[in-house]
Structures are given as structure tokens and as C-alpha cells.
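Asker: Sequence below, structure please.
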Amino acid sequence: MTGSFMLPRTSLTTAYVGVGSNVGDRAFYLREAFRMLTAAGGIDGMRSSPVYENEPVGEAGPGMFYNCVWEIETDIPPHDLLGRLREIERRLKRSDVRKGPRTIDLDVLLYGSAIVEDIDLIVPHPRMMERAFVLQPLCDLTPDIVHPIIGRTIEQLRNELPGGAVTMRRIDLNLGVGPARVI
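Answerer: As a prediction, this is how the structure comes out:
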């Protein structure tokens, strides 16, 4: 007699991934990264913020960025999630230039209320509080989530940004899932 059993599943964590592209067909790269992440398994639900077009910050190159944030429900540990994001970047030919133009840029912004700080990964993302192109899409998804170190909501952090820091324009781009649709 053969039996079957189920391994217990670890609990799901809500994580947020920052997404950007400023090279080539930016919409293609966002859609393809979205498809690759959802196809790999370990993601039980996913929502996307609206996509914004904005000027590059720092030395990110001359092209305008498309940016958004993805909310995922996952049991993938933070370092494994980072590894999956890096593999997607590699497959989509992201440049190795640290602050240069990018076909795709994927960053773990938040992983539940976890605080991770080591050589490979820092969560919450250390510069997210300075970036309107991160805080606005994150606020579109979940304005009341509290930054686990600073102790203020994402909406409060967005409202504290200096005016005129980054010019952003919301664009109509469907990544395959609407802002409120869960896969």
C-alpha cells in the first residue's frame, strides 16, 4: 500500500520588489521580468503598482526610466528571492556597470518586517526612503505599511520627500496583471 503525504509549507511573506528599466524596449523588459518571476514558482500572489516614467537619478544613464513596484506573496527566503531576481537580470542582459543604464533592475525593497543586513543583501532597501520612484508606486499598493527601521508609513515617507526631487509621469502600461488583480 502506498501512501501520500504533504510536506508542511512555510508561511507566506509579503515582499516588495522595485522594478526599473531605461534601455531599449522598456515595456518589454518589465513584462518579461514579470513573466519570468511568476513562471518560476514560489509566488502565490502578485500585484503591480502603476508604472511611472521618470528621469534617471545619479549616474543611471541618459534614458528615462520606467519604474514600478511588485507586491508578492512568497515562501522564498530573502536571499533566494534576491538570487532569482539576479538570474532574471542576467537573462535579460542587464549591464554589469554598477550605476549605468539598465535593461532591467530588480531590487528587494521590503520582505515582511524582516531586517537583513549582510554583504549580499540589505532589507529594507537602504535608499528607498530617498526615492520618489520607489515610494510613490509602493504607496499606490500599500500606503499604510510601516518601514521596519524608521517606524513611519510609506505614505509619510513619500510626503516627507523634498518637492521636485524627481519628475514622474504615470503611464498606461499593462504588465499582464492590473494593480488589484492577484495571480
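Asker: what's the burial count for residue 106?
Answerer: Close neighbours of residue 106, defined as other CB atoms under 10 Å, add up to 24. Yep, even glycine has a C-beta here, placed from its N, CA and C like the rest.
Asker: The one 3 residues further on too?
Answerer: Other residues within reach of residue 109, judged by other CB under 10 Å, total 23.
Asker: Please verify my assumption that it contacts residue 17.
Answerer: Yes. When contacts are counted by CB atoms under 8 Å, residue 109 is listed as touching residue 17 (6.5 Å).
Asker: any residues in contact with both of these two?
Answerer: With contacts defined as CB atoms under 8 Å, 6 or more residues apart in numbering, the residues adjacent to both residue 109 and residue 17 are residue 69.
Asker: low-confidence ranges in the protein?
Answerer: Applying pLDDT under 70 to the chain picks out residues 1-10, 58-62, 94-100, 164-166, 175-183.
Asker: Do a quick rundown of the helices in it.
Answerer: All helices of the chain, identified by DSSP state H, fall at 26-39, 78-91, 132-141, 154-159.
Asker: Look up the closest residue to residue 115, ignoring the ones flanking it.
Answerer: Nearest-residue entry for residue 115: residue 148, 5.7 Å, with adjacent residues in sequence omitted and distances by CB to CB, 6 or more residues apart in numbering.
Asker: The one you found and residue 110, how far apart?
Answerer: Applying CB to CB, to the nearest Å, one obtains 8 Å for the distance of residue 148 from residue 110.
Asker: List the residues that contact residue 106.
Answerer: Applying CB under 8 Å, 6+ apart to residue 106 gives the contacts 17, 18, 19, 33, 85, 86, 88, 89.
Asker: how about 7 Å then?
Answerer: By CB atoms under 7 Å, 6 or more residues apart in numbering, the residues touching residue 106 are 17, 19, 33, 85, 88, 89.
Asker: again with residue 158
Answerer: Under the criterion of CB under 7 Å, 6+ apart, the contact list for residue 158 reads 135, 136, 139.
Asker: what about the residue nearest to residue 115, how many neighbours?
Answerer: As a burial measure, residue 148 scores 14 neighbours (other CB under 10 Å).
Asker: correct me, but it touches residue 111?
Answerer: No. If you go by CB atoms under 7 Å, residue 148 and residue 111 don't touch, sitting 9.4 Å apart.
Asker: How about the contacts made by residue 142?
Answerer: Residue 142 makes contacts with 71, 154, as judged by CB under 7 Å, 6+ apart.
Asker: what's the answer for residue 24, then?
Answerer: residue 103.
Asker: can you check the one 5 residues further on too?
Answerer: When contacts are counted by CB under 7 Å, 6+ apart, residue 29 is found next to 21, 92, 103, 104.
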